[in-house]
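> dropping the sequence and predicted coords here.
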Amino acid sequence: MRADVEMEVQCLTPDDALDLFRKKVGEITLRSHPSISELAIVRAKKCHGLPLNVIGEAMSYKRTIQEWHHAIDILTSNAVQFSEMEDEILLILKYSYDNIKGQHVKSCLLYCALFPEDGRISKRELIEYWICEGIIEDNEGMERAENKGYEIIGSLVRSSLLMEEETNKVYMHDVVREMALWIASDQFIVFAGAGLHGIPKFMNWNAVRRMSLMSNEIDRISGSLECLELTTLFLQRNQRTLVNISGEFFRSMPKLVVLDLSENSQLSELPDGIS
């Protein structure tokens with residue numbers, strides 16, 4: 001899959017980077033072993049000053065010298081695969097992603113990348129999507145499932161993988177979003193806010209699980225896509241242009257459980273089979 005995203009990387013000075021990293025790691029961790037402060041300097045340098053909030057949070061739970069050595073070894077051994085600084089930063093961020101506890105929490109984070117860059121996401125809507133997708137189970141009741149969703153959002157905010165705006169919205173830092181799209185590239189198609197006028201052309205629709213074409217200028221959708229694994233399709237906010245979707249379009253999407261057509265004011269009727 002692909003996503004057209006440009007990422008501008010700006011670094012802190014080495015001293016500022018180290019100060020920020022130490023603040024995120026915390027004094028308890030830094031004092032838990034005499035050598036950890038020295039390793040913190042090594043770790044901060046490997047981060048190029050970015051994105052230290054995220055990686056510092058991941059390292060704050062590692063209290064032994066062996067854990068710190070292991071983390072640095074992982075970065076060092078994998079860094080040879082990456083020639084560009086942006087790619088190295090994605091690798092550093094992925095280490096934080098890999099340290100997330102629970103595959104369902106990882107899936108929740110990746111789901112946020114379906115929204116446009118810098119897009120503000122309603123917490124309530126996000127949790128509804130997660131529940132519909134089955135990422136969060138609702139077999140113990142909707143209230144418990146929603147509470148679980150808010151707990152997951154809170155943990156991602158505390159890890160600096162999501163940013164909070166006011167009390168009811170979150171968003172992803174552009175570098176974190178780039179990392180999420182990179183990880184999910186085999187199963188996601190994301191052209192959110194890309195100025196599209198039609199459905200993008202792609203060779204292997206069968207592999208697509210989630211697709212976001214929201215906030216574009218698509219006017220008509222016809223034909224059929226064989227998306228046998230597709231579970232989420234975002235088509236919302238094509239409001240000035242989208243006037244028609246053929247019923248045939250959805251016939252080869254047997255696993256589709258999340259379809260968002262909201263904020264399409266020119267769409268006067270739903271396709272056949274959609275209610």
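Done, it's in.
> just checking, residue 253 touches residue 233?
Yes: under the criterion of CB atoms under 8 Å, residue 253 makes contact with residue 233 at 7.3 Å. C-beta here means a position set from N, CA and C on the backbone, and glycine is covered the same way.
> hmm, residue 177 is touching residue 117, no?
Yes: if you go by CB under 8 Å, residue 177 and residue 117 touch, sitting 6.1 Å apart.
> name the residue in residue 253 and residue 233 with the higher neighbour count.
More neighbours surround residue 233 than the other of residue 253 and residue 233, with 25 against 21 (other CB atoms under 10 Å).
> verify the contact between the more buried one and residue 260 for me.
Yes: in this structure residue 233 lies within contact range of residue 260 using CB under 8 Å: 7.4 Å.
> what's the burial count for the closest residue to residue 244 other than its chain neighbours?
Closest residue in space to residue 244, ignoring its immediate chain neighbours: residue 220 at 4.9 Å, by CB to CB, 6 or more residues apart in numbering. The number of residues packed around residue 220, counting by other CB under 10 Å, is 13.
> who are the neighbours in contact with residue 220?
Residue 220 makes contact with 198, 242, 243, 244, 245 under the criterion CB atoms under 8 Å, 6 or more residues apart in numbering.
> in the chain, which spans are strands?
Secondary structure of the chain (DSSP state E): strands at 121-122, 163-165, 169-171, 188-190, 210-212, 220-221, 232-234, 244-245, 258-260.
> domain ranges for the chain?
Per automatic domain parsing, the structural domains of the chain span 14-98, 103-180, 186-275.
> hang on, the earlier thing: would a markdown table of the strands of the chain with mean pLDDT and distance to residue 89 be doable?
Output for the strands of the chain, formatted as a markdown table (pLDDT from 0 to 100; distance: least, CB to CB, whole Å):
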| stretch | mean pLDDT | distance to residue 89 |
| --- | --- | --- |
| strand 121-122 | 98 | 23 |
| strand 163-165 | 92 | 17 |
| strand 169-171 | 97 | 19 |
| strand 188-190 | 96 | 19 |
| strand 210-212 | 98 | 23 |
| strand 220-221 | 92 | 36 |
| strand 232-234 | 98 | 27 |
| strand 244-245 | 92 | 39 |
| strand 258-260 | 96 | 31 |
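> what's the closest of those strands to residue 107?
strand 210-212 (10.0 Å; CB to CB).
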